[in-house]
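Novice: next input, structure requested:
(2 chains)
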Amino acid sequence: MSWETVIGLEVHAELATKTKIFCGCSTEFGGEPNSRVCPVCAGMPGTLPVLNRAVVEYAIRLGLALDCTITRHCKFDRKNYFYPDLPKAYQVSQLYLPICRDGRMDIGESVIGIHEIHMEEDAGKLIHDKGGTLMDFNRCGVPLLEIVTKPDFRTGDEVIAYLEKLREILLFLGICDCKMQEGSLRADVNLSMRRPGEAFGTRTEMKNLNSFKAVARAIEYERARQIEILENGGAVTQETRRWDDEIGESYGMRSKENAQDYRYFPEPDLLPIAISEDWLTQVRAKLPELAHQKRARYIRDFGLSEYDSAVLTRHKNISDLFEAVAQKSGNATEAARLISGEIMRLMGVAKTLPENLEIDPAKLAALIAALTDGKINREAYKETVEAVYLHNVEPEQFIAEKGLLMISDCEAIRQAVQEIIAANAAAVADYHAGKDKAFGFLMGQAMRKLGRAGNPEAVRTMLGEVLNE
Amino acid sequence: MNALSLSTAIKEKKLGVTEAVQLYIDRIEKSELNAFLSVSREQAFKQAEAVQRRVDSGESLSPLAGVPIAIKDNISTLGIATTCASKILEGYRPVYNATIIERLEQAGMVILGKLNMDEFGMGGSSETGAFGAVHNPWDSSRVAGGSSGGSAAAVAAQEIPIAIGSDTGGSIRQPCAFCGVTGIRPTYGSVSRYGLLAYASSLDQIGPIGQNIEDCAAVLSAISGADSKDSTCVMPKPFAFTTSPERLDGIKIGIPRNYFNEAIDSHVKNAVLAAAKQLEALGASVDEFEMPLMDYVVPAYYVIACAEASSNLSRYDGLKYGYRSTEAKTLSDVYRLSRSEGFGLEVKRRIMLGSFVLSSGYYDAYYKKALQARTLIKNAYNELFTRYDMIISPVAPTAAYKLGENIDDPMKMYMGDIYTVSVNLAGLPAIALPCGFSNSLPLGFQLIGDAFSEERLIHAGRVYQNHTNWHTQMAGDTP
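Specialist: As a prediction, the model looks like this:
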């Protein structure tokens, strides 16, 4: 008899607000330990939280994008537990009235229900080192959205498809940079097995999944582990397990019996949040264009192919770059060709992730203009694009220094052509004998002589003229 | 001398600010009341000189400029030990000032020191602190009340012209009654709590304790009003009190008949009834009513206050600041031993009670029920304020009792809060005023008003004090 896998996901997304959820400290990743900390996020005695309005707005954006019901009157609760990375010994979160509920996401044929989305603060980080354990509170108070699905996944592929789509939505909404390796997007997997049609089995929760690949591997591992237990007549223990990606196994961290009682209660230091119809309307009106909407628009307005539109919307940074270059150059076709072609190739070679892509769209637009105005040829264009990509050179200066400016000067070309004709008497004779190939050969020789700067059209015309003089 | 007169004397150059500071420091140093936990001499003199320069330059200054003030030790003062009278905060020096400290300094007041209290505000006698009990200036064998006992005793003994306290369940009003001084517990949301080391966040409010209602009103004006660092402080502008007519004509006062049953000491009862008569003579109408929900106020208060406290006090974990057990070898040891050794008995009792009522399986039976009772109490007050402008009530069932008398009987101690805690549950303002003596011990009463009706309460208090002299009688006989 077959087994059915039942999976639910809890995803934590760090919000890309400028400041933390309850104070004015920067949310930027990294920095000297404890340099982005104030009395409030360090939980010093007597301090109070003041809610960052942008966090609520970002949560509403995601809720609307995932077809959730927005909780118009919501509030925060305290989740109490002791841990050194949590300086107040409670996390301000939402239990009783989360800001978004009952949404959905379509994955191919399946519909994944969104149980809820709630706002909360992140904890700090512990740095374990030989001398002991140190605390870094920089991450304390960075805003998080926790997106909890219903147990609607049946395969690991669905989970990955969901995560990819969720990442795309978060990126295009501009609310999360989704850098899994920096922990700004984290997924916990709840998994259980059952015989089709039967009630849900006992589930385990897996943590420390730092890439989509790790999610897929951990699901495969856990599925096999649970099936083995069940087929040997055993029972799955309800527990939290930690995935070790290096050895490709998970191990139990704590079982249900040792589960903590978080003693949730309403946070008395924050007022309840009332979300007015006006506010909701404003957020809805300002909702950024999502990837699938962009794809449709690129095909409709720019006449791009479905393939190019898909490549250009793979990541928000790429579509942002495309749109900026298209707008600045006024040439969407050439911009699409440049980014889906040369830029993607260069990113592949340099192994640059889209989230780390940094290139000045103005420089690319200027290069497109230089190409279409006939100032440089396509070979020189590619060379300059690469130099801009790798070394952020100034295109104009680079073209000048490398002598890439197309030579359209008739005298220079005439001189080069005459030299080639003089040096290749045989080919010239072949040409006059009616062998077309000889023209191509002479053309190639002339272009080589002129280098990357030769304007092929001008050379072709000149060669014809001189041969027939 | 009271605070406003002292500031006038300073502005009229009858007394220098430094001189005033020296005078009070001398009194504090001679005192055996244990009202002060620390005196910041150096900083006070520096501040005094700065204020004096402003006086000398003829700058127009606040009515409180130059007046020394002392602060309950649960309010954060930059660089100055803030202990909450607890061993757990041993060695802790705050890195920031509470909002009210900045506002007092802006008003030209000189912060002289920090005042003793019940540990973390948990107690009604100022005996639970780690640094010894506060003694009542009228009878040093008796308690000063609590938890702001240091604040009330220091004012009563004229060790300071005016002080800051905090009131979570009666912690300003009850010590005022026990020490014969005047205090205001402001409406929840009128004074910033930023920098107040929380006991119970939804009940705590900071307020003044002084020799009379005018002094208290002046300090309340200086510290009240919205603060961008406290989103629960919702009153947009500071209170601005105006002088008012000398009578109380048209003011409707309710008096809860059932507050005067067999549980109350007859001296307290008679003094409060006499105060009601006096208010009536000054033009107010006084009308009896039955206070509902009496059996629920103390339990609801202790469930909610302890629940919040159990969470608020979790941050004192021995890791980041304050006391850490030297015996601790592991992380769980640091937590367990530091907290076991650092907190006193009453604090531990309340943390345990609070953790219990919030734990899964008990939340609905206790915490949720208490929140429901709180709503009913709020509604009852709302209904009362459709009929009355204010309510007159005793503050405590007795006058100050003997040190040690109730410390081993928490239930008796908690029942002493019966007249005060409903005000906190409903977030209301109340003023405590002296109204007599019993066997040389002062007695007090309170006037409770609707939210943000401080102006009217202070008017009533002012008229009352203009026609009585209970508040002018001071413990000891220093000028």
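
Novice: biggest helix in chain A, by residue count?
Specialist: helix A:212-231 (DSSP state H).

Novice: residues from the stretch 51-200 of chain B in reach of chain A?
Specialist: Proximity of the stretch 51-200 of chain B to chain A is confined to B:75-76, B:82, B:89, B:92, B:94-96, B:98, B:193-198, B:200 under the rule CB under 8 Å from any CB of the partner chain. Any C-beta I mention is one placed from the backbone N, CA and C, and that applies to glycine too.

Novice: quick check on those residues: which are buried?
Specialist: B:75-76, B:82, B:89, B:92, B:94, B:96, B:98, B:193-198, B:200 (16 or more other CB atoms under 10 Å in any protein chain shown).

Novice: greatest separation within those: which pair is it?
Specialist: Greatest spacing in those, by CB to CB: B:96 and B:200 (21.8 Å).

Novice: hmm, back to that, contacting residues around the helix or strand following the longest helix of chain A?
Specialist: Next helix or strand after helix A:212-231 toward the C-terminus (DSSP states H and E): strand A:239-244. For strand A:239-244, contacts defined as CB atoms under 8 Å, 6 or more residues apart in numbering or on different chains pick out A:204-209, A:214, A:217-218, A:221-222, A:249-256.

Novice: any of those buried? List them.
Specialist: By neighbour count, with 16+ other CB under 10 Å, these hold A:204, A:205, A:206, A:207, A:209, A:214, A:217, A:218, A:221, A:222, A:250 as buried.

Novice: quick check: of these, which lies closest to chain B?
Specialist: When those are compared for distance to chain B (CB to the nearest CB), residue A:205 wins out at 17.8 Å.

Novice: tell me the contacts of the residue of the stretch 351-479 of chain B found nearest chain A?
Specialist: Closest to chain A within the stretch 351-479 of chain B is residue B:358: 3.8 Å, counting by CB to the nearest CB. By CB under 8 Å, 6+ apart, the residues touching residue B:358 are A:80, A:263, A:264, A:265, B:307, B:310, B:311, B:367.

Novice: which residues of the stretch 151-300 of chain A lie near chain B?
Specialist: A:261, A:263, A:264, A:265, A:268, A:269, A:270, A:271.

Novice: can you list the residues you listed in CSV and add neighbour count and secondary structure?
Specialist: CSV is the format used below for these (neighbours: other CB atoms under 10 Å in any protein chain shown; DSSP: H, G, I helix; E, B strand; the rest coil):
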residue, neighbour count, secondary structure
A:261, 14, coil
A:263, 24, coil
A:264, 19, coil
A:265, 25, strand
A:268, 20, coil
A:269, 22, coil
A:270, 20, coil
A:271, 14, coil
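
Novice: list just the nearest of those residues to residue A:21.
Specialist: Of these, the one sitting nearest to residue A:21 (CB to CB) turns out to be residue A:270, at 10.4 Å.

Novice: my guess is the closest one contacts residue A:77, does it?
Specialist: No. Using CB atoms under 8 Å, residue A:270 is not in contact with residue A:77; the gap is 9.7 Å.

Novice: overlap of the contact sets of those two?
Specialist: Common neighbours of residue A:270 and residue A:77 (CB under 8 Å, 6+ apart) are residue A:92.

Novice: does the nearest residue to residue B:367 once chain neighbours are set aside lie in a helix or a strand, and which?
Specialist: The shortest distance from residue B:367 to any non-neighbouring residue, by CB to CB, 6 or more residues apart in numbering or on different chains, is to residue B:357 (4.9 Å). According to DSSP H and E, residue B:357 maps onto helix B:345-358.

Novice: just the buried residues of the next helix or strand after that helix, please?
Specialist: Heading C-terminal from helix B:345-358, the first helix or strand you meet, by DSSP H and E, is helix B:369-387. Residues of helix B:369-387 classed as buried under the neighbour-count rule (16+ other CB under 10 Å) are B:369, B:370, B:371, B:373, B:374, B:377, B:378, B:380, B:381, B:384, B:385.

Novice: for stretch A:406-421, same thing?
Specialist: Here stretch A:406-421 shows A:406, A:407, A:413, A:416, A:417, A:420, A:421 as buried, counting by 16+ other CB under 10 Å.

Novice: one more: stretch B:67-85?
Specialist: Buried-residue list, stretch B:67-85, by 16+ other CB under 10 Å: B:67-77, B:80-85.

Novice: swap in stretch B:330-350?
Specialist: Buried, per 16+ other CB under 10 Å, within stretch B:330-350: B:334-339, B:341-344, B:346-348, B:350.

Novice: determine which two of the residues you listed are furthest apart.
Specialist: B:334 and B:346 (22.9 Å).

Novice: which parts of the stretch 51-200 of chain B are helices?
Specialist: Listed in chain order, the helices of the stretch 51-200 of chain B (DSSP state H, counting those that start in this stretch) span residues B:99-106, B:149-156, B:173-179.

Novice: what helices or strands is the last one leaning on?
Specialist: The criterion is 3 or more CB pairs under 8 Å, 6 or more residues apart in numbering or on different chains; DSSP states H and E, and the helices and strands that helix B:173-179 contacts are helix B:149-156, strand B:182-185, strand B:430-438, strand B:441-449.

Novice: what residue in chain B comes nearest to chain A?
Specialist: Taking CB to the nearest CB, chain B has residue B:314 as its residue nearest chain A, at 3.3 Å.

Novice: from memory that residue sits against residue A:79, does it?
Specialist: No. Counting by CB under 8 Å, residue B:314 does not reach residue A:79; the two are 11.2 Å apart.

Novice: common neighbours of these two, please.
Specialist: residue A:90.

Novice: quick one: pLDDT of residue A:29?
Specialist: Confidence at residue A:29, expressed as pLDDT, is 87.
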